[in-house]
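**Q** sequence first, predicted coordinates after that:
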Amino acid sequence: MRLALFQPDIPQNVGAAIRLSACLNVALDVIQPCAFPLDDRSLKRAALDYGPLAHLTRHASWSDFLAARPATARLVLLTTRGDTLFPDVVFRPDDILLMGAESAGAPAHVHAAAAIRLRIPLAAGARSLNVVTAATLALGEALRQNNAFPPDPPFRDAGPLP
């Protein structure tokens, strides 16, 4: 299971995706160009102390990402223009959950490459979820379906609540 961000616009969302990736032990692909510098310094700032736990791969372009993708991996694009509803998807362990750019979504060629274009049903009048919120929802269900959550470490009691 992987999470991929297509040309993200907002560095804080990349930071949140890095944290999500690290906490759930899921690889993260960032497909460039981004709307902000994606150098080691900015990544360290965005990821806080989760950077070392994350499995982040930067791709210089869409074509580089496609070339690096495992042949069996299925692209599942989360999009407000999806033709498949979220509750109806059966996720596979090798799926790549792909998120479009925050401002523009994903262009037609990215839609065309996706095996599934997934839409999360929203309340009337709601436009869309935050990209990492949508990723968390879909990733959580994908991991649940595949029994792929990371092993839970032993509970460490931090003492009484204040």
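**A** Yep, that arrived.
**Q** which non-adjacent residue is nearest Gln145?
**A** Phe91 (4.9 Å; CB to CB, 6 or more residues apart in numbering). (Each C-beta comes from the backbone N, C-alpha and C, glycine too.)
**Q** for that neighbour, give me its contacts.
**A** Neighbour list for Phe91: Met1, Val76, Glu141, Ala142, Gln145, Asn146 [criterion: CB atoms under 8 Å, 6 or more residues apart in numbering].
**Q** okay, and the helix or strand of this structure with the least pLDDT?
**A** Within the chain, judged by mean pLDDT, DSSP states H and E, the helix or strand with the poorest mean is helix 40-47; its value is a mean of 62.
**Q** neighbours of His55, how many?
**A** 14 (other CB atoms under 10 Å).
**Q** how about the helices in the chain?
**A** Listed in chain order, the helices of the chain (DSSP state H) span 11-24, 40-47, 62-68, 108-113, 131-145.
**Q** now the last one: mean pLDDT?
**A** Across helix 131-145, pLDDT averages out at 97.
**Q** buried residues, that helix. List them.
**A** Val131, Val132, Ala134, Ala135, Thr136, Ala138, Leu139, Ala142, Leu143 (16 or more other CB atoms under 10 Å).
**Q** and that helix, what does it pack onto?
**A** Under the contact definition 3 or more CB pairs under 8 Å, 6 or more residues apart in numbering; DSSP states H and E, helix 131-145 sits against strand 2-6, helix 11-24, strand 75-78, strand 96-99.
**Q** want to throw those into TSV with distance to Tyr50 and mean pLDDT?
**A** Output for those, formatted as TSV (distance: least, CB to CB, whole Å; pLDDT from 0 to 100):
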stretch	distance to Tyr50	mean pLDDT
strand 2-6	14	97
helix 11-24	4	91
strand 75-78	22	98
strand 96-99	18	98
